[in-house]
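> Build me a model:
(2 chains)
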Protein chains: 2
Amino acid sequence: MSNRRDFIKTAGVLTGASILFNTAPLLANENFKKTAKGKFKLRFRPYTLNLKHVFTLSTSSRSTTPVVLTELEYDGIIGYGEASMPPYLGESHESVLKFLSKIDLSSFDDPFEMENILGYVDQIETGNKAAKASVDIALHDLVGKIMKQPWYKIWGYDPSKTPSTSFTIGIDTPEVIRQKVKETDIYKILKVKLGRDTDKMMIETIRQITDKPICVDINQGWTDKQFALDMAFWLHERGIVFIEQAMPKERIDDNAWLTERSPIPTIGDEAVQRLDDVLKAHKVYSGINIKLMKCTGMREAHKMVTLAKALGMKVMIGCMTETSCAISAASQLSPMADWADLDGALLISNDVYKGMEVHNGKVTLNTLPGIGVRKI
Amino acid sequence: MSNRRDFIKTAGVLTGASILFNTAPLLANENFKKTAKGKFKLRFRPYTLNLKHVFTLSTSSRSTTPVVLTELEYDGIIGYGEASMPPYLGESHESVLKFLSKIDLSSFDDPFEMENILGYVDQIETGNKAAKASVDIALHDLVGKIMKQPWYKIWGYDPSKTPSTSFTIGIDTPEVIRQKVKETDIYKILKVKLGRDTDKMMIETIRQITDKPICVDINQGWTDKQFALDMAFWLHERGIVFIEQAMPKERIDDNAWLTERSPIPTIGDEAVQRLDDVLKAHKVYSGINIKLMKCTGMREAHKMVTLAKALGMKVMIGCMTETSCAISAASQLSPMADWADLDGALLISNDVYKGMEVHNGKVTLNTLPGIGVRKI
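Numbers count the residues shown, from 1 in each chain, chains lettered A, B, ... in the order given. The predicted structure follows:
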């Protein structure tokens, strides 16, 4: 009860159309069941993740990530969700709280009507994909808990088929890279952020220490297609598994040109946000990186997996820096993925959920219902 | 108990790798739970459906349809399935019983591993799609019963969004057609089988009696693309909703040519069997007719719906003559369909299940778990 009261004090509570603050007594379980049986309550609060290491991409560095934690309650059962908003993607605490405040679930009375509910949430406003994902994840957690099954089972997947997750090494000096690689001993596959003039140095530094498989993420950092192809061959010779988003996503012909010639698969990330983008990525990339915060959540992600597989494309499940809530939600899909990059919760020092764990580098699903998390 | 004993006497029982006949005592519930907890038992028996009216397509006529009824039991819960084998599709009582006898589920211990189990069944032998569907449907019924939810809820669909089902009028004399149309008063949409030299007479006869929407199924019966296009305009003027499989499926360019020019949607049926065919049908037809007996069952059908919707194609859910078992299984997907042709159980006089019902012409889903049927 005290947790719930704290949650409400720092955030908003939506019940039907109204937003309530500091209304803990109204939500005492004994009253709640009587007054609002069969109705949804959406609660949310801002939270800031502290990163263990300063994180450097080709275009930015940071030491925190803003997230919003959501709870969707129905008939006494609570589903957990999360929005993660890396600043370069345009969403923020403010935008997510504003979007969530607009949601009015009073016309719905059955959480199983996911297509309708999430369709409604999606059409409130364009964009706001992390905010939408925070509702989608909470709804999946809720519905899975009603059915008493985790989503990987509801979807019919084999939990033993989860891939190893890659662990990300940011752009840094050789000394720091050597140190980081040593710290990642349990991981079976490393992900290296490239796209600056230190690319070959980064790979050579890591290859002096380990011959583990490496995947590289360029984050659109290369601008010349012939350079990209030369790098693809150079990387292939050094045991690199795939190249993620080598060139700007707008350069469709250049990316397709590279994909046709590259000795290793290419993966579209920035180019592939939602379901509509999967078909567009066909023959432009060998595969797609699906992230819940890009695609509005688990329902659309599941459709994207189905579509990509039907198109013969590779599937990677990725993440932002997130708590174990959103990471565990994404991991439910991972038995169908060729690769997983689900290290987001491992990069933070103040997780608030316990969920999917990485054992010997492998995504390891638990048997908890829904998205498979409990609060710490 | 007596029902179960009868079932076994006329058919086969598979438990793990072995086929047992007349072993009712072994399966008494009290013994079963002890000796085979957590293992699958697949039972099946041949059955023959009697059609209320002789059924005429462009290439054949018949008054019965052979089916095989299946039961998949796990931990005391029984899922029902069915294979329907219209003779022109190449499967038979013999082929289905032979295929089902090859299935060995002893290496599986969790019905939720649907991707693995159905993947195993699919690779036993090519073809045998109705036989495979009979296992898929029984497995879905079983898993839905374990979760205590019907599949339309597990898939997140809104049961109020089911379409009206069309009711099929076969090729016949004007007198018989007039009589049949009068008998179909509750149906909101009629399906007329065309593809002979009586096409215009059929439509004109029906239009003298009713102005209900009509869809037409040519079953590959037209051979000239210009004739097909002329007919499309003629039909459009008479309120026809779509044209199903106008020309032979091998005539890909001609079908695409027709689709590009037709004033009403074209639907691929014979051309679209399984998931692989959906992408091939893109831009060749406006939509696809998904039938469980063509595509090996509910799991692949659900993927086909997702893929077709992502490709912007229309979706129709169709059927063979089937009992309410396979019809109810197909109807679970119907909230996502633009059109349904689920009259298969209404055409027979000896149904053995009660399931999805047609109320005022509309597919009406019940709240029973799994595929939503019980034995009569």
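
> Helices of chain A, start to end?
A:2-9, A:29-36, A:93-101, A:114-123, A:129-147, A:151-154, A:174-183, A:199-209, A:225-237, A:252-261, A:275-281, A:292-295, A:298-310, A:324-331 (DSSP state H).

> report the angle between the axes of the fifth one and helix A:93-101?
Using axes from the mean of the first three to the mean of the last three C-alpha atoms, to 10 degrees, the direction of helix A:129-147 lies 50 degrees away from that of helix A:93-101.

> ok, helix A:129-147 near chain B or not?
Yes: contact between helix A:129-147 and chain B, assessed by C-beta under 8 Å from any C-beta of the partner chain, occurs at A:143, A:147. Any C-beta I mention is one placed from the backbone N, CA and C, and that applies to glycine too.

> What residues of that helix count as buried?
Buried residues in helix A:129-147, defined by neighbour count with 16 or more other C-beta atoms under 10 Å in any protein chain shown: A:129-147.

> what domains does the record give for chain A?
For chain A, automatic domain parsing gives the domain ranges A:2-148, A:152-375.

> Is it possible to get TSV of those that adds mean pLDDT and distance to residue B:340?
TSV is the format used below for the domains of chain A (pLDDT from 0 to 100; distance: least, C-beta to C-beta, whole Å):
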stretch	mean pLDDT	distance to residue B:340
domain A:2-148	80	17
domain A:152-375	95	21
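
> Look up which residues are beta-bridged to the residue nearest to residue A:358 when sequence neighbours are not counted.
Spatial nearest neighbour of residue A:358, excluding adjacent residues (C-beta to C-beta, 6 or more residues apart in numbering or on different chains): residue A:165 at 5.7 Å. Taking DSSP bridges as the rule, residue A:165 bridges to residue A:340.

> who touches residue A:165 in this structure?
By C-beta atoms under 8 Å, 6 or more residues apart in numbering or on different chains, the contact set of residue A:165 is A:187, A:189, A:340-343, A:358, A:361-363.

> got a list of what residue A:374 touches?
Counted by C-beta under 8 Å, 6+ apart, residue A:374 has contacts A:353-355, A:368.

> and the longest strand belonging to chain A, what does it pack onto?
Taking DSSP state E as the criterion, chain A has its longest strand at strand A:40-56. Packing partners of strand A:40-56 (3 or more C-beta pairs under 8 Å, 6 or more residues apart in numbering or on different chains; DSSP states H and E): helix A:2-9, strand A:12-15, strand A:61-74, helix A:93-101, helix A:129-147.

> Now do that strand and strand A:61-74, the angle between them.
Using the same axes, to 10 degrees: strand A:40-56 against strand A:61-74 is 170 degrees.

> Only alpha carbons, please: show strand A:40-56 as CSV.
Only the C-alpha atoms of strand A:40-56 are listed here, as CSV (Å, rounded to 0.1, in the frame of the first residue of the first chain):
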residue,chain,number,x,y,z
PHE,A,40,-9.2,0.5,-16.1
LYS,A,41,-6.9,2.7,-14.0
LEU,A,42,-3.8,4.0,-15.7
ARG,A,43,-1.1,5.3,-13.3
PHE,A,44,2.3,6.7,-14.3
ARG,A,45,5.3,8.4,-12.8
PRO,A,46,8.6,9.9,-14.2
TYR,A,47,11.8,8.2,-13.2
THR,A,48,15.5,8.8,-14.2
LEU,A,49,17.8,5.9,-14.9
ASN,A,50,21.4,6.3,-13.9
LEU,A,51,23.9,4.7,-16.3
LYS,A,52,26.9,2.8,-14.9
HIS,A,53,29.1,4.2,-17.6
VAL,A,54,28.8,7.4,-19.7
PHE,A,55,27.4,6.2,-23.0
THR,A,56,28.8,7.5,-26.3
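
> Okay, buried residues for that strand please.
Within strand A:40-56, judged by 16+ other C-beta under 10 Å, the buried ones are A:40-47, A:49, A:55.

> of all the residues you listed, which comes closest to residue A:113?
The closest of these to residue A:113 turns out to be residue A:40 (C-beta to C-beta; 11.1 Å).

> The closest one against residue A:72, yeah?
Yes: with contact defined as C-beta atoms under 8 Å, residue A:40 reaches residue A:72; the gap is 6.3 Å.

> Tell me the residues of the stretch 101-250 of chain A that contact chain B?
A:112-116, A:118, A:143, A:147-149, A:153-158.

> Pull the most distant pair out of these.
Taking C-beta to C-beta, no two of these sit farther apart than A:116 and A:158, at 30.0 Å.

> May I have the beta-bridge partners of the closest residue to residue A:93 other than its chain neighbours?
Closest residue to residue A:93 apart from its sequence neighbours, by C-beta to C-beta, 6+ apart: residue A:46 at 4.4 Å. In this entry, residue A:46 is beta-bridged to residue A:68, by DSSP bridges.

> Dump the buried residues of strand A:40-56 to a markdown table, plus distance to residue B:299.
Listed next are these as a markdown table, based on distance: C-beta to C-beta, whole Å:
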| residue | distance to residue B:299 |
| --- | --- |
| A:40 | 30 |
| A:41 | 34 |
| A:42 | 32 |
| A:43 | 36 |
| A:44 | 35 |
| A:45 | 39 |
| A:46 | 40 |
| A:47 | 38 |
| A:49 | 38 |
| A:55 | 40 |
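
> was I right about the residue nearest to residue A:93 contacting residue A:98?
No: contact criterion C-beta under 8 Å: residue A:46 and residue A:98 do not qualify, at 11.5 Å.

> Spit out the residues that contact the two alike.
By C-beta under 8 Å, 6+ apart, no residue touches both residue A:46 and residue A:98.

> distance of the residue nearest the centre of chain A from chain B?
Nearest residue to the geometric centre of chain A (C-alpha atoms, centre = their mean): residue A:319, 3.1 Å. Going from residue A:319 to chain B by C-beta to the nearest C-beta, to the nearest Å gives 23 Å.

> how about stretch A:254-266: buried residues?
Neighbour-count burial for stretch A:254-266 [16+ other C-beta under 10 Å]: A:254-259, A:262, A:264-266.

> Residue A:238: neighbour count?
14 (other C-beta atoms under 10 Å in any protein chain shown).

> what sits against it?
Counted by C-beta under 8 Å, 6+ apart, residue A:238 has contacts A:203, A:207, A:214.

> Would you convert the helices and strands packed on strand A:40-56 into CSV that also reports distance to residue A:336?
Putting those into CSV (distance: least, C-beta to C-beta, whole Å) gives the following:
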stretch, distance to residue A:336
helix A:2-9, 33
strand A:12-15, 33
strand A:61-74, 25
helix A:93-101, 28
helix A:129-147, 16
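
> Dig out what the closest residue to residue A:285 other than its chain neighbours forms beta bridges with.
Of all residues not flanking residue A:285 in the chain, residue A:268 sits nearest, at 3.7 Å (C-beta to C-beta, 6+ apart). Per DSSP bridges, the residues bridged to residue A:268 are residue A:288.

> What is the burial count for residue A:268?
Residues near residue A:268, counting by other C-beta under 10 Å: 26.
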